[in-house]
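**Student:** got a structure for you, letters missing:
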(Lines give C-alpha, C1' and ligand atoms only; values in the text may rest on other atoms or scores of the structure.)
Protein backbone atom coordinates (compact mmCIF):
# COMPACT_ATOMS: atom_id res chain seq x y z
CA UNK A 1 0.00 0.00 0.00
CA UNK A 2 1.33 3.45 -0.84
CA UNK A 3 0.72 6.44 1.40
CA UNK A 4 1.75 10.00 0.76
CA UNK A 5 1.99 12.85 3.26
CA UNK A 6 3.11 15.71 1.00
CA UNK A 7 0.86 18.34 2.52
CA UNK A 8 1.76 21.03 0.03
CA UNK A 9 0.08 19.20 -2.86
CA UNK A 10 -2.99 18.12 -0.93
CA UNK A 11 -6.66 18.28 -1.84
CA UNK A 12 -7.44 21.48 -3.64
CA UNK A 13 -11.10 21.89 -2.87
CA UNK A 14 -12.28 19.73 -0.01
CA UNK A 15 -15.17 21.32 1.86
CA UNK A 16 -14.81 19.79 5.32
CA UNK A 17 -11.24 20.09 6.34
CA UNK A 18 -8.58 22.73 6.49
CA UNK A 19 -5.78 20.47 5.34
CA UNK A 20 -5.01 16.93 4.42
CA UNK A 21 -2.00 14.87 3.58
CA UNK A 22 -0.94 13.35 0.34
CA UNK A 23 -1.13 14.11 -3.33
CA UNK A 24 -4.28 15.59 -4.76
CA UNK A 25 -7.16 13.10 -4.74
CA UNK A 26 -9.42 15.54 -6.52
CA UNK A 27 -9.88 15.76 -10.26
CA UNK A 28 -12.04 17.66 -12.66
CA UNK A 29 -15.49 16.11 -13.15
CA UNK A 30 -15.21 13.15 -15.49
CA UNK A 31 -17.60 11.26 -17.72
CA UNK A 32 -15.88 7.94 -16.88
CA UNK A 33 -18.06 7.31 -13.85
CA UNK A 34 -18.27 3.96 -12.09
CA UNK A 35 -21.63 2.13 -12.03
CA UNK A 36 -24.09 3.38 -9.43
CA UNK A 37 -25.46 1.11 -6.70
CA UNK A 38 -29.03 2.07 -5.80
CA UNK A 39 -30.73 1.12 -2.55
CA UNK A 40 -34.23 1.97 -1.32
CA UNK A 41 -34.42 4.74 1.26
CA UNK A 42 -36.21 3.30 4.27
CA UNK A 43 -37.54 6.54 5.71
CA UNK A 44 -39.56 5.86 8.86
CA UNK A 45 -42.66 3.71 9.22
CA UNK A 46 -45.52 4.81 11.47
CA UNK A 47 -44.78 1.92 13.82
CA UNK A 48 -41.10 2.82 14.25
CA UNK A 49 -39.41 5.03 16.82
CA UNK A 50 -37.86 8.15 15.31
CA UNK A 51 -34.63 7.31 17.16
CA UNK A 52 -34.32 4.01 15.29
CA UNK A 53 -35.03 5.68 11.95
CA UNK A 54 -32.45 8.38 12.71
CA UNK A 55 -29.82 5.75 13.44
CA UNK A 56 -30.58 3.91 10.23
CA UNK A 57 -30.17 7.13 8.25
CA UNK A 58 -26.79 7.91 9.83
CA UNK A 59 -25.50 4.38 9.25
CA UNK A 60 -26.67 4.56 5.63
CA UNK A 61 -23.73 6.90 4.99
CA UNK A 62 -21.30 3.98 5.30
CA UNK A 63 -19.82 2.58 2.09
CA UNK A 64 -17.71 3.46 -0.93
CA UNK A 65 -18.47 6.54 -3.02
CA UNK A 66 -17.48 8.69 -5.92
CA UNK A 67 -17.83 12.18 -4.51
CA UNK A 68 -18.50 15.38 -6.43
CA UNK A 69 -17.78 18.65 -4.63
CA UNK A 70 -19.51 21.74 -5.99
CA UNK A 71 -19.28 25.27 -4.55
CA UNK A 72 -20.64 28.44 -6.08
CA UNK A 73 -20.95 31.93 -4.67
CA UNK A 74 -24.47 33.30 -5.06
CA UNK A 75 -25.76 36.47 -3.33
CA UNK A 76 -23.29 39.37 -3.09
CA UNK A 77 -23.74 41.01 0.32
CA UNK A 78 -20.97 43.64 0.38
CA UNK A 79 -20.90 46.55 -2.08
CA UNK A 80 -18.16 46.19 -4.64
CA UNK A 81 -17.53 42.50 -4.03
CA UNK A 82 -17.09 40.32 -7.13
CA UNK A 83 -18.09 36.66 -7.09
CA UNK A 84 -15.24 34.18 -7.36
CA UNK A 85 -15.29 31.38 -9.90
CA UNK A 86 -17.17 28.19 -8.89
CA UNK A 87 -15.08 25.29 -7.59
CA UNK A 88 -15.86 21.76 -8.75
CA UNK A 89 -13.90 18.55 -8.26
CA UNK A 90 -14.31 14.81 -7.68
CA UNK A 91 -12.75 12.16 -5.45
CA UNK A 92 -13.20 8.56 -4.31
CA UNK A 93 -13.97 8.03 -0.65
CA UNK A 94 -15.05 5.24 1.65
CA UNK A 95 -16.81 5.74 4.98
CA UNK A 96 -16.09 3.22 7.74
CA UNK A 97 -17.66 2.69 11.15
CA UNK A 98 -15.48 3.74 14.10
CA UNK A 99 -18.05 3.44 16.90
CA UNK A 100 -21.71 2.60 17.39
CA UNK A 101 -22.77 2.68 21.03
CA UNK A 102 -26.44 3.40 20.34
CA UNK A 103 -26.66 7.11 21.06
CA UNK A 104 -23.22 7.82 19.62
CA UNK A 105 -22.13 6.89 16.09
CA UNK A 106 -18.73 7.74 14.64
CA UNK A 107 -17.98 7.60 10.89
CA UNK A 108 -14.49 7.94 9.43
CA UNK A 109 -13.95 9.10 5.84
CA UNK A 110 -10.89 7.80 3.98
CA UNK A 111 -9.87 8.97 0.51
CA UNK A 112 -8.53 6.47 -2.01
CA UNK A 113 -6.49 7.19 -5.11
CA UNK A 114 -5.61 4.88 -7.96
CA UNK A 115 -2.54 2.81 -7.20
CA UNK A 116 -3.47 2.22 -3.58
CA UNK A 117 -2.56 5.62 -2.13
CA UNK A 118 -4.88 6.61 0.74
CA UNK A 119 -5.28 9.43 3.21
CA UNK A 120 -7.40 9.78 6.30
CA UNK A 121 -10.01 12.43 5.67
CA UNK A 122 -12.65 14.03 7.90
CA UNK A 123 -14.62 12.30 10.66
CA UNK A 124 -18.22 12.89 11.65
CA UNK A 125 -19.59 11.91 15.06
CA UNK A 126 -23.32 11.87 15.80
CA UNK A 127 -24.53 12.16 19.41
CA UNK A 128 -28.18 11.83 20.40
CA UNK A 129 -29.62 14.45 22.78
CA UNK A 130 -26.20 15.72 23.80
CA UNK A 131 -26.44 18.19 26.72
CA UNK A 132 -23.34 20.06 25.55
CA UNK A 133 -20.90 20.23 22.67
CA UNK A 134 -17.92 22.24 21.55
CA UNK A 135 -18.34 25.11 19.09
CA UNK A 136 -15.93 27.11 16.97
CA UNK A 137 -15.73 30.78 18.01
CA UNK A 138 -12.98 32.04 15.71
CA UNK A 139 -9.21 32.51 15.94
CA UNK A 140 -8.62 28.74 16.11
CA UNK A 141 -10.56 28.53 19.40
CA UNK A 142 -13.14 25.89 20.33
CA UNK A 143 -15.27 26.18 23.47
CA UNK A 144 -17.51 23.70 25.26
CA UNK A 145 -21.07 24.98 25.51
CA UNK A 146 -24.08 23.73 27.42
CA UNK A 147 -27.37 23.59 25.53
CA UNK A 148 -30.71 24.92 26.69
CA UNK A 149 -32.67 21.95 28.05
CA UNK A 150 -35.74 22.70 25.92
CA UNK A 151 -33.73 22.46 22.69
CA UNK A 152 -32.26 19.01 23.33
CA UNK A 153 -35.07 16.39 22.93
CA UNK A 154 -34.98 14.49 19.66
CA UNK A 155 -31.86 16.20 18.32
CA UNK A 156 -28.59 14.80 17.05
CA UNK A 157 -25.38 16.78 17.40
CA UNK A 158 -22.98 16.37 14.51
CA UNK A 159 -19.31 16.94 15.40
CA UNK A 160 -16.92 17.27 12.46
CA UNK A 161 -13.18 16.71 12.86
CA UNK A 162 -9.99 17.43 10.94
CA UNK A 163 -7.74 14.81 9.40
CA UNK A 164 -5.70 14.84 12.64
CA UNK A 165 -8.93 14.52 14.67
CA UNK A 166 -8.77 18.13 15.86
CA UNK A 167 -12.21 19.77 16.18
CA UNK A 168 -13.53 21.64 13.15
CA UNK A 169 -17.23 22.52 13.47
CA UNK A 170 -20.43 21.24 15.06
CA UNK A 171 -24.18 21.63 14.82
CA UNK A 172 -27.45 20.44 16.31
CA UNK A 173 -30.54 19.38 14.43
CA UNK A 174 -33.29 16.82 13.95
CA UNK A 175 -33.77 14.16 11.32
CA UNK A 176 -36.95 14.50 9.26
CA UNK A 177 -38.35 11.35 7.63
CA UNK A 178 -41.43 12.76 5.90
CA UNK A 179 -42.43 11.38 2.49
CA UNK A 180 -40.02 8.48 2.90
CA UNK A 181 -36.98 10.79 2.72
CA UNK A 182 -34.46 11.10 5.58
CA UNK A 183 -32.92 14.58 5.97
CA UNK A 184 -31.01 16.19 8.84
CA UNK A 185 -30.73 19.98 8.98
CA UNK A 186 -28.42 21.80 11.38
CA UNK A 187 -28.80 25.07 13.12
CA UNK A 188 -26.46 27.76 11.83
CA UNK A 189 -22.92 27.45 13.14
CA UNK A 190 -19.48 28.96 12.79
CA UNK A 191 -16.66 27.13 11.08
CA UNK A 192 -13.09 27.98 10.02
CA UNK A 193 -12.10 28.34 6.41
CA UNK A 194 -11.69 25.11 4.42
CA UNK A 195 -8.53 24.44 2.48
CA UNK A 196 -10.18 25.24 -0.84
CA UNK A 197 -10.46 28.83 0.45
CA UNK A 198 -7.46 29.59 2.66
CA UNK A 199 -5.02 28.39 0.00
CA UNK A 200 -6.34 30.93 -2.49
CA UNK A 201 -7.53 33.98 -0.50
CA UNK A 202 -7.09 35.98 2.72
CA UNK A 203 -9.97 38.45 2.59
CA UNK A 204 -12.22 36.79 5.19
CA UNK A 205 -11.89 34.66 8.33
CA UNK A 206 -15.13 32.78 9.06
CA UNK A 207 -17.99 30.87 7.49
CA UNK A 208 -21.46 30.89 9.01
CA UNK A 209 -23.13 27.72 7.78
CA UNK A 210 -26.25 25.60 7.76
CA UNK A 211 -25.67 21.97 6.80
CA UNK A 212 -28.16 19.47 5.41
CA UNK A 213 -27.58 15.72 4.95
CA UNK A 214 -30.06 13.71 2.88
CA UNK A 215 -30.09 9.94 2.36
CA UNK A 216 -30.83 9.21 -1.31
CA UNK A 217 -31.32 6.02 -3.36
CA UNK A 218 -27.90 6.50 -4.98
CA UNK A 219 -26.05 7.40 -1.77
CA UNK A 220 -26.32 10.65 0.16
CA UNK A 221 -25.79 14.38 -0.20
CA UNK A 222 -24.35 17.18 1.89
CA UNK A 223 -25.72 20.66 1.16
CA UNK A 224 -24.16 23.77 2.64
CA UNK A 225 -25.69 27.23 2.94
CA UNK A 226 -22.59 29.28 3.67
CA UNK A 227 -22.08 32.98 4.40
CA UNK A 228 -18.49 34.23 4.20
CA UNK A 229 -17.69 36.69 6.98
CA UNK A 230 -14.91 39.19 7.69
CA UNK A 231 -14.25 39.63 11.41
CA UNK A 232 -12.43 42.83 12.21
CA UNK A 233 -9.98 43.45 15.05
CA UNK A 234 -12.82 45.17 16.91
CA UNK A 235 -14.85 41.95 16.77
CA UNK A 236 -17.40 43.32 14.33
CA UNK A 237 -18.53 41.05 11.50
CA UNK A 238 -19.02 42.11 7.88
CA UNK A 239 -20.67 39.67 5.45
CA UNK A 240 -19.20 39.28 1.98
CA UNK A 241 -21.22 36.78 -0.02
CA UNK A 242 -23.35 33.67 0.24
CA UNK A 243 -22.19 30.36 -1.15
CA UNK A 244 -24.06 27.20 -2.00
CA UNK A 245 -22.24 23.91 -1.59
CA UNK A 246 -23.53 20.63 -2.95
CA UNK A 247 -21.49 17.50 -2.27
CA UNK A 248 -22.86 14.28 -3.72
CA UNK A 249 -21.73 10.89 -2.39
CA UNK A 250 -22.72 8.44 -5.12
CA UNK A 251 -22.48 4.78 -4.10
CA UNK A 252 -20.48 2.85 -6.69
CA UNK A 253 -19.14 -0.56 -7.55
CA UNK A 254 -15.97 -1.53 -9.38
CA UNK A 255 -13.59 0.83 -7.58
CA UNK A 256 -10.98 -0.73 -5.27
CA UNK A 257 -11.46 0.67 -1.75
CA UNK A 258 -9.52 -2.16 -0.10
CA UNK A 259 -6.40 -0.03 0.52
CA UNK A 260 -8.49 2.28 2.73
CA UNK A 261 -9.79 -0.64 4.78
CA UNK A 262 -6.26 -2.01 5.14
CA UNK A 263 -5.01 1.41 6.27
CA UNK A 264 -7.76 1.66 8.88
CA UNK A 265 -7.04 -1.84 10.16
CA UNK A 266 -3.36 -1.03 10.62
CA UNK A 267 -3.81 2.41 12.24
CA UNK A 268 -7.18 2.37 14.04
CA UNK A 269 -5.64 1.85 17.50
CA UNK A 270 -3.36 4.83 16.93
CA UNK A 271 -6.33 7.02 15.99
CA UNK A 272 -8.25 5.75 19.01
CA UNK A 273 -5.43 7.08 21.19
CA UNK A 274 -5.54 10.41 19.33
CA UNK A 275 -9.28 10.75 19.90
CA UNK A 276 -8.77 10.05 23.60
CA UNK A 277 -6.05 12.69 23.68
CA UNK A 278 -8.39 15.33 22.23
CA UNK A 279 -11.06 14.39 24.78
CA UNK A 280 -8.50 14.90 27.53
CA UNK A 281 -7.51 18.31 26.14
CA UNK A 282 -11.12 19.50 26.26
CA UNK A 283 -11.57 18.05 29.75
CA UNK A 284 -8.82 20.27 31.17
CA UNK A 285 -10.54 23.64 30.78
CA UNK A 286 -13.56 23.15 28.55
CA UNK A 287 -11.81 24.78 25.61
CA UNK A 288 -9.01 24.29 23.12
CA UNK A 289 -7.05 26.94 21.24
CA UNK A 290 -4.76 25.79 18.44
CA UNK A 291 -1.41 27.55 18.33
CA UNK A 292 -1.38 27.79 14.54
CA UNK A 293 -2.26 30.30 11.89
CA UNK A 294 -4.90 29.58 9.30
CA UNK A 295 -3.19 27.66 6.53
CA UNK A 296 -0.47 26.17 8.72
CA UNK A 297 -0.58 22.45 7.94
CA UNK A 298 2.38 21.33 10.05
CA UNK A 299 0.16 19.96 12.86
CA UNK A 300 -1.77 17.75 10.45
CA UNK A 301 1.47 16.62 8.83
CA UNK A 302 3.07 15.71 12.17
CA UNK A 303 0.16 13.54 13.33
CA UNK A 304 -0.34 11.85 9.96
CA UNK A 305 3.35 10.96 9.74
CA UNK A 306 3.16 9.38 13.21
CA UNK A 307 0.11 7.39 12.09
CA UNK A 308 2.01 6.21 9.03
CA UNK A 309 4.94 5.13 11.20
CA UNK A 310 2.59 3.33 13.57
CA UNK A 311 1.03 1.44 10.66
CA UNK A 312 4.46 -0.01 9.91
CA UNK A 313 5.50 -0.56 13.56
CA UNK A 314 2.40 -0.70 15.83
CA UNK A 315 3.98 -0.04 19.22
CA UNK A 316 2.06 2.95 20.57
CA UNK A 317 4.41 3.52 23.50
CA UNK A 318 7.21 4.22 21.04
CA UNK A 319 5.34 7.30 19.81
CA UNK A 320 4.09 8.71 23.12
CA UNK A 321 6.89 11.23 23.59
CA UNK A 322 6.50 12.53 20.06
CA UNK A 323 2.75 12.82 20.55
CA UNK A 324 3.23 14.73 23.78
CA UNK A 325 5.69 17.11 22.15
CA UNK A 326 3.39 17.65 19.17
CA UNK A 327 0.33 18.44 21.29
CA UNK A 328 2.33 20.74 23.59
CA UNK A 329 3.51 22.65 20.51
CA UNK A 330 0.19 23.07 18.76
CA UNK A 331 -2.55 22.92 21.43
CA UNK A 332 -2.96 25.67 24.00
CA UNK A 333 -5.24 24.99 26.97
CA UNK A 334 -3.74 27.49 29.41
CA UNK A 335 -6.65 29.95 29.29
CA UNK A 336 -9.63 28.47 31.12
CA UNK A 337 -13.13 29.65 30.32
CA UNK A 338 -16.45 28.74 31.94
CA UNK A 339 -18.97 26.65 30.06
CA UNK A 340 -21.67 29.00 28.87
CA UNK A 341 -25.16 28.53 27.52
CA UNK A 342 -26.13 29.44 23.97
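**Tutor:** On my side now, so go ahead. In this text the structure is predicted, and so the values were computed from the model without any measurement.
**Student:** What segments of the stretch 101-250 of the chain are strands?
**Tutor:** Applying DSSP state E, counting those that start in this stretch to the stretch 101-250 of the chain gives strands spanning 104-113, 117-128, 132-138, 141-146, 156-161, 167-176, 182-186, 189-191, 206-216, 219-231, 237-251.
**Student:** In a markdown table, list those along with mean neighbour count and mean pLDDT.
**Tutor:** Bear in mind the C-beta positions are built from the backbone N, C-alpha and C, glycine included. Output for the strands of the stretch 101-250 of the chain, formatted as a markdown table (neighbours: other C-beta atoms under 10 Å; pLDDT from 0 to 100):
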| stretch | mean neighbour count | mean pLDDT |
| --- | --- | --- |
| strand 104-113 | 21 | 96 |
| strand 117-128 | 22 | 96 |
| strand 132-138 | 17 | 95 |
| strand 141-146 | 18 | 96 |
| strand 156-161 | 22 | 98 |
| strand 167-176 | 21 | 97 |
| strand 182-186 | 20 | 98 |
| strand 189-191 | 20 | 96 |
| strand 206-216 | 20 | 98 |
| strand 219-231 | 19 | 98 |
| strand 237-251 | 18 | 98 |
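**Student:** which stretch among those comes nearest residue 50?
**Tutor:** Closest to residue 50 of those, according to C-beta to C-beta: strand 167-176, at 7.2 Å.
**Student:** packing partners for that closest one?
**Tutor:** With contacts taken as 3 or more C-beta pairs under 8 Å, 6 or more residues apart in numbering; DSSP states H and E, strand 167-176 sits against helix 50-59, strand 132-138, strand 156-161, strand 182-186, strand 189-191, strand 206-216.
**Student:** partners of that strand, with directions?
**Tutor:** strand 156-161 (antiparallel), strand 182-186 (antiparallel) (DSSP bridges).
**Student:** relative to strand 104-113, how tilted is the longest one?
**Tutor:** This means strand 156-161. For strand 156-161 against strand 104-113, the angle between stretch directions is 40 degrees (axes from the mean of the first three to the mean of the last three C-alpha atoms, to 10 degrees).
**Student:** for the strands of the stretch 101-250 of the chain, which one sits closest to residue 263?
**Tutor:** That would be strand 117-128 among the strands of the stretch 101-250 of the chain, by C-beta to C-beta, at 4.8 Å.
**Student:** hmm, back to that, out of the strands of the stretch 101-250 of the chain, the one nearest residue 65 is which?
**Tutor:** strand 237-251 (4.1 Å).
**Student:** now for that closest one, which elements pack on it?
**Tutor:** By 3+ C-beta pairs under 8 Å, 6+ apart, strand 237-251 packs against strand 63-76, strand 219-231.
**Student:** Please produce TSV containing these, extended by distance to residue 273.
**Tutor:** Formatted as TSV, the helices and strands packed on strand 237-251 follow (distance: least, C-beta to C-beta, whole Å):
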stretch	distance to residue 273
strand 63-76	27
strand 219-231	29
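**Student:** coming back round to it: of all the helices and strands packed on strand 167-176, which lies closest to residue 112?
**Tutor:** Nearest to residue 112, of these and by C-beta to C-beta, is strand 156-161 at 19.2 Å.
**Student:** about what we covered before: among the strands of the stretch 101-250 of the chain, single out whichever gets nearest to residue 290.
**Tutor:** strand 141-146 (7.8 Å).
**Student:** The closest one versus strand 167-176: what angle between them?
**Tutor:** Going by the same axes, to 10 degrees, strand 141-146 makes 40 degrees with strand 167-176.
**Student:** circling back to that earlier point, quick one: closest of the helices and strands packed on strand 167-176 to residue 171.
**Tutor:** Comparing the helices and strands packed on strand 167-176 under C-beta to C-beta, the one sitting nearest is strand 182-186, at 3.2 Å.
**Student:** what's next to that closest one, contact-wise?
**Tutor:** 41-44, 53-54, 56-57, 60, 156, 158, 171-176, 209-215 (C-beta atoms under 8 Å, 6 or more residues apart in numbering).
**Student:** let's see it at 6 Å
**Tutor:** 57, 171, 173, 175-176, 210-215 (C-beta atoms under 6 Å, 6 or more residues apart in numbering).
**Student:** starting at the chain centroid, how far to that strand?
**Tutor:** Chain-centre distance of strand 182-186: 16 Å, with C-alpha atoms, centre = their mean, to the nearest Å.
**Student:** Run the angle between it and strand 117-128 for me.
**Tutor:** If you take the same axes, to 10 degrees, strand 182-186 sits at 80 degrees to strand 117-128.
**Student:** so which strand or helix has residue 302?
**Tutor:** helix 298-312 (DSSP states H and E).
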